[in-house]
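Engineer: I'll drop the sequence and a predicted model, then ask my questions.
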Amino acid sequence: MSQVGDPIRRLTPVVRLAPAKLNLSLAVVGRRSDGLHDLHSVMVPLALADRLSLAAAGGSDDTLHVDGFETGPPAANLVLRALAATREAVGAGWGGSGGPPPALAARLDKRIPVAAGLAGGSSDAAAALDGALEAWAVSLTVHERLRIAARLGSDVPFFLADGAALVEGRGESVTPLRGVTGDPPGVLLVTPRVALPTPRVFAAFDAAGGIAGGSTRTSSAHLADELRSGLSAAALVDRAGVLAVANDLIGAAVAVEPELLGLRRRLARLLRRPVGQSGSGPTLWVLYPSLVDAETAAEAVRSAHTAGELPAPGDGEPLVTATTILTRPQPDRSDR
Ligand code: C5P
């Protein structure tokens, strides 16, 4: 741990956007002795994001207030677990006080659908880790931050990369990619109101025979190679047909929630586009050249659902979101 600036002066509210992620590919390449699975997945962050703010708390415990989507009991929330883990890593002696860093009051505006294959909770955890370090005016090494992130959950390390990345191992091995360059591609997300717990989907994957041939792995490796040097929105959309089937958990998600299959087929017919699945689901994605195209598609999906032409599993209408893939800022060329 190293101290950055005056800790008391720096204990001012910190605001972080915590983006959702999309799996453009997801190959399950091995089963490990700890029961988890080794993956090869290209992940990109989305403009759809939760908003986390951290401020000094009045009392001695961290607190959490959530607006927006319901996230369950605060005590089980990854934000509080991330704050506790980060405090423990910083250790005693914060700011020369001899004690640990002070308690924080977290406010989370939850805009990413919960338990949807979009890793919103994991992104909140990464934002809490990063935001707490800023609030406390301390820094940890990249290695220390990755270690905390991996302990919090398999998807958390990805969010420390701050952009497109190839994710391997159980999620702890993250290789940044240049990603999408130029104008950001649009993404339509359709999230039916069904709970699809990740462990159940992986269990269904194992029950169906586990690791199959390597075609998803091949598609995923090819995409990672292409995104290493960068792809335009148009080039990415051109690859949507391959990517929509490059997820080894599609069959397992359907085994847990059979009606997902019908929804995917009806969406593909309605939109005349390939429909993919993010992570273990149930969120389905469709890629577009721009946000405007994704917004037009979102309207079509809402109208079809209202007209009874797009029945979806679960209670209530599916969540329909138009967003974009986040692109990395262009390198600063002002000094050339
Ligand atoms: O790490 P996390 O808590 O997000 O994982 C939730 C569950 O998803 C694990 O308990 C496991 O069942 C499954 N999983 C897996 N292999 C991974 C990631 C998650 O089997 N690489």
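Structural biologist: All right, it came through fine. Worth saying up front: this structure is predicted, and the values here are computed from it rather than measured. Residues are numbered from 1 along each chain as shown.
Engineer: Quick one: low-confidence residue ranges for the stretch 1-150 of the chain.
Structural biologist: Applying pLDDT under 70 to the stretch 1-150 of the chain picks out residues 1-11.
Engineer: mind listing the helices for it?
Structural biologist: Shown for the stretch 1-150 of the chain, the helices assigned by DSSP state H, counting those that start in this stretch span residues 7-10, 78-90, 120-136, 142-152.
Engineer: Of those helices, give the one that comes closest to G276.
Structural biologist: Closest to G276 of the helices of the stretch 1-150 of the chain, according to Cβ to Cβ: helix 120-136, at 18.2 Å. Every C-beta, even on glycine, is put in place using the N, C-alpha and C of the backbone.
Engineer: Kindly report the residues of the stretch 201-336 of the chain close to the ligand.
Structural biologist: Counting by Cβ under 6 Å from any ligand atom, the stretch 201-336 of the chain comes close to the ligand at F202.
Engineer: on that earlier part again, tell me which of the helices of the stretch 1-150 of the chain lies nearest to the ligand.
Structural biologist: Proximity to the ligand (Cβ to the nearest ligand atom) singles out helix 120-136 among those, at 6.7 Å.
Engineer: so that closest one versus helix 142-152, what angle?
Structural biologist: Counting by axes from the mean of the first three to the mean of the last three Cα atoms, to 10 degrees, helix 120-136 lies at 140 degrees to helix 142-152.
Engineer: Which phi and psi values does I112 adopt?
Structural biologist: Main-chain dihedrals, I112, degrees, to the nearest 10: phi -90, psi 130.
Engineer: CA-only coordinates of whichever strand or helix holds T296, as CSV, when you get a sec.
Structural biologist: Element membership of T296 [criterion: DSSP states H and E] is helix 291-306. Extracted as CSV, the C-alpha positions of helix 291-306 are listed here (Å, rounded to 0.1, in the frame of the first residue of the first chain):
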residue,chain,number,x,y,z
LEU,A,291,-27.1,3.1,-31.1
VAL,A,292,-29.9,4.5,-33.3
ASP,A,293,-30.4,1.1,-35.1
ALA,A,294,-30.4,-0.7,-31.7
GLU,A,295,-33.1,1.8,-30.4
THR,A,296,-35.3,1.2,-33.5
ALA,A,297,-35.0,-2.6,-32.9
ALA,A,298,-35.9,-2.1,-29.2
GLU,A,299,-39.1,-0.3,-30.2
ALA,A,300,-39.9,-3.2,-32.6
VAL,A,301,-39.4,-5.8,-29.8
ARG,A,302,-41.5,-3.8,-27.3
SER,A,303,-44.3,-3.4,-29.9
ALA,A,304,-44.2,-7.1,-30.7
HIS,A,305,-44.4,-8.1,-27.1
THR,A,306,-47.3,-5.7,-26.5
